[in-house]
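Asker: Fold the following and give me the result.
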Amino acid sequence: MNCIFCQIVEKNAHAEILYENDHIISFLDIRPVNLGHALVIPKIHYTDFLTIPENELDEIFKATQKVTSAIVDSVKPDGFNIVTNNGVAAGQSVFHFHLHIIPRFDKDNFAFRPIFKNYENNSMKDYANKIIAEIKL
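Answerer: From the prediction side, this is the model:
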């Protein structure tokens, strides 16, 4: 497999590692939105959010909270974003599940600028019903 994140896990590619345990590794992003921008990934290769098992999600979020706390204490951002991109349309470029921790500053000139949509007529209820019908318990 030619996955750069798997190569980092195997120590076959360099990364500035911030945190590591048996399940997770975190390192600085080589193309940061702001300095201190980090990634948190599972050591096992999962393509995206929908393929990672629940127990691994628990590990990811515990590690993400730990690394985020360290970023906040050391880099002193005004805020932070935790983001995951899933699929090309969402901006995913490395197909190994990962979370971005992006330190944010009041004047960093980075913004998510969505164009908000409006539900027409009764379509909000229709969308809710479609989604509810697919939720697996």
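Asker: What lies in contact with the longest helix along the chain?
Answerer: In the chain, assigned by DSSP state H, the helix with the most residues is helix 54-75. Helix 54-75 has contacts (CB atoms under 8 Å, 6 or more residues apart in numbering) with 18-19, 21, 23-24, 26, 35-36, 38, 40-42, 44, 46, 52, 77, 80, 82, 97, 99, 101, 103. (Each C-beta comes from the backbone N, C-alpha and C, glycine too.)
Asker: What residues of the following helix or strand past that helix count as buried?
Answerer: Using DSSP states H and E, the helix or strand that follows helix 54-75 towards the C-terminus is strand 79-83. Using 16 or more other CB atoms under 10 Å as the test for burial, strand 79-83 gives F80.
Asker: And for stretch 48-63?
Answerer: Buried, per 16+ other CB under 10 Å, within stretch 48-63: 48-49, 52, 56, 59-60, 63.
Asker: Show the average pLDDT along that stretch.
Answerer: For stretch 48-63, mean pLDDT is 94.
Asker: centre of the chain versus that stretch, how much separation?
Answerer: Relative to the centre of its chain, stretch 48-63 is centred 11 Å away, using CA atoms, centre = their mean, to the nearest Å.
Asker: Run through the residues that contact the residue nearest to the spatial centre of the chain.
Answerer: Centroid check for the chain by CA atoms, centre = their mean gives L99 as the closest residue, at 1.8 Å. The contact partners of L99, by CB under 8 Å, 6+ apart, come to 39-41, 60, 64, 82-84.
Asker: Swap in 6 Å and give it another go.
Answerer: 40, 64, 82, 84 (CB atoms under 6 Å, 6 or more residues apart in numbering).
Asker: Just the buried subset of those residues, please.
Answerer: Buried among the contacts of L99 (16+ other CB under 10 Å): 40, 64, 84.
Asker: if I look at the residue sitting furthest away from the middle of the chain, how far off is A128?
Answerer: No residue in the chain sits farther from the centre than N121, which is 34.3 Å out by CA atoms, centre = their mean. Separation of N121 from A128 (CB to CB, to the nearest Å) stands at 14 Å.
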